[in-house]
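> please work out how this folds:
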Amino acid sequence: MKKLLVLALLCLPFLGNSQIVNEKNVKDWGYGENKIKKAPKKIYIKDFFVNYQVLSSNSETATNSDLDKATSMMSVGLVGLETEDFQEITDAAYKRMVGKLADAGYEIVDSEEAGKAEMFQDYTKLTGGTPSQAQIIGYISTAPTGYDYYVKRVTNKGKAKDAFFDVTPKLSKDLGDIPVLEANVSFQFVTIEGSSFAGAAKMKGNVDFVLAATAIGTSSEGFFGSKIETSATLERVVWKGGAAGLGALSIIQFSPKSDISIEGVVEQKKFKEYVSSNSYKPSYANIVITQDKKIEVSHQVKADRDAYKTKSLQALNEYLDQMIQKLIESANG
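Numbering: from 1, shown residues only. A predicted model of the protein is given here:
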């Protein structure tokens, strides 16, 4: 018996290391959590989006004393995966989360009932299951297959736009003062940074597959140079609870403290590009086709397909569990 106990204790550190997301690397910054025990056992899932970075592009321009310009560009693409892999991960995580809510006695309010809310009368209804490349530069964005949701508007380029201000407490009230769940999560595999000095432009790419605290999408095609878009990873449950004004009585909320590394998924690489005003930028033959647009890719990073799917789903489930477990414990407290 003692031998078995010693063996179990020796194994504990290795078992702990297998967990990707835990209470040490996420921030719990809600308030009034225990008050949600007075809320109805109904919940509406307002947002459930998962974004996967597949491409990053950036540029830097330098000018020397003779006003000669040098532009360094770098584009890094992820290979080894199919679009349906991303959708599969999102669908599995959503199904698991909904199952946990149902097991805890929650009734999930469907989109038809939610659509009667005053706030949604001028919104557009969308259905998940079709990955989009219009939401964040270089990312494939997904919503669960068959999951209906509402957005303020959709641009001509297909980008969904939400209200500028936080309207979730109002929606909670409009739906009969019930909790409203929101989740937006991003996975990122590379960051590219540029710098310039004395007429030379430099680019540096660092590969690290992470559950990102904030997704960073970059493109070298911005009007004033590189274009940047960001999207914070956040999960929360909001209950108005009769609170005055624009606030809420109870919010359960988690976000990563910083990027959470996920090892064993992509090649570990670092890239550099250097161009001076007296040199030239070589061209590269690697091409990625994205929505019928050809993007020149200077570097490729290969992902282990099985590891990507397995570990991304694990990290996503563990992250969502932080919120769901806190909701269940608070509601039953």
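> nearest residue to the middle of the protein?
S186 (1.7 Å; CA atoms, centre = their mean).
> low-confidence ranges in the stretch 201-333 of the chain?
Low-confidence segments of the stretch 201-333 of the chain, defined by pLDDT under 70: 201-202, 220-226, 272-297.
> where along it do the helices fall?
All helices of the stretch 201-333 of the chain, identified by DSSP state H, counting those that start in this stretch, fall at 305-331.
> quick one, strands of it?
214-222, 225-232, 234-239, 250-256, 260-261, 270-276, 287-290, 293-296, 299-302 (DSSP state E, counting those that start in this stretch).
> next: the stretch 51-200 of the chain.
Using DSSP E, counting those that start in this stretch, strands in the stretch 51-200 of the chain cover 55-63, 69-79, 107-109, 124-127, 139-142, 148-151, 153-154, 160-161, 180-197, 200-211.
> possible to save those strands as a markdown table with distance to A315?
For the C-beta atoms, the positions are set from N, CA and C on the backbone; glycine is no exception. Putting the strands of the stretch 51-200 of the chain into a markdown table (distance: least, CB to CB, whole Å) gives the following:
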| stretch | distance to A315 |
| --- | --- |
| strand 55-63 | 20 |
| strand 69-79 | 16 |
| strand 107-109 | 24 |
| strand 124-127 | 26 |
| strand 139-142 | 15 |
| strand 148-151 | 23 |
| strand 153-154 | 29 |
| strand 160-161 | 24 |
| strand 180-197 | 8 |
| strand 200-211 | 5 |
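> deepest-packed of the ones you listed, please.
strand 139-142 (a mean of 25; mean count of other CB atoms under 10 Å).
> how about residues contacting that one?
Identification of contacts with strand 139-142 by CB atoms under 8 Å, 6 or more residues apart in numbering yields 49-54, 83, 86-87, 89-90, 128, 131-135, 186, 215, 217, 231.
> same check on stretch 319-333?
Counting by CB under 8 Å, 6+ apart, 21, 23, 26, 28, 30, 33-34, 36-37, 39, 41, 93, 96-97, 100-101, 104, 179, 181, 183, 185, 211, 233, 235-237, 250, 252-254, 256 sit against stretch 319-333.
> need the buried ones from the residues you listed selected in ChimeraX.
The ChimeraX selection below is limited to those of these classed as buried (16 or more other CB atoms under 10 Å):
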select :21,26,30,33,36,39,93,96,97,100,101,104,179,181,183,185,211,233,235,236,237,250,252,253,254,256
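> R153 bridge partners, please.
K161 (DSSP bridges).
> that one: what's it in contact with?
R153 neighbours (CB under 8 Å, 6+ apart): T124, A160, K161.
> and what of D162?
Contacts here follow CB under 8 Å, 6+ apart; on that basis D162 touches V151, K152.
> try it again at 10 Å.
K46, D47, Y123, Y150, V151, K152, R153, T168 (CB atoms under 10 Å, 6 or more residues apart in numbering).
> could you dump the residues you listed to JSON lines with pLDDT and distance to G115?
Putting the contacts of D162 into JSON lines (pLDDT from 0 to 100; distance: CB to CB, whole Å) gives the following:
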{"residue": "K46", "pLDDT": "98", "distance to G115": "12"}
{"residue": "D47", "pLDDT": "97", "distance to G115": "15"}
{"residue": "Y123", "pLDDT": "96", "distance to G115": "8"}
{"residue": "Y150", "pLDDT": "97", "distance to G115": "7"}
{"residue": "V151", "pLDDT": "97", "distance to G115": "12"}
{"residue": "K152", "pLDDT": "94", "distance to G115": "14"}
{"residue": "R153", "pLDDT": "94", "distance to G115": "16"}
{"residue": "T168", "pLDDT": "97", "distance to G115": "16"}
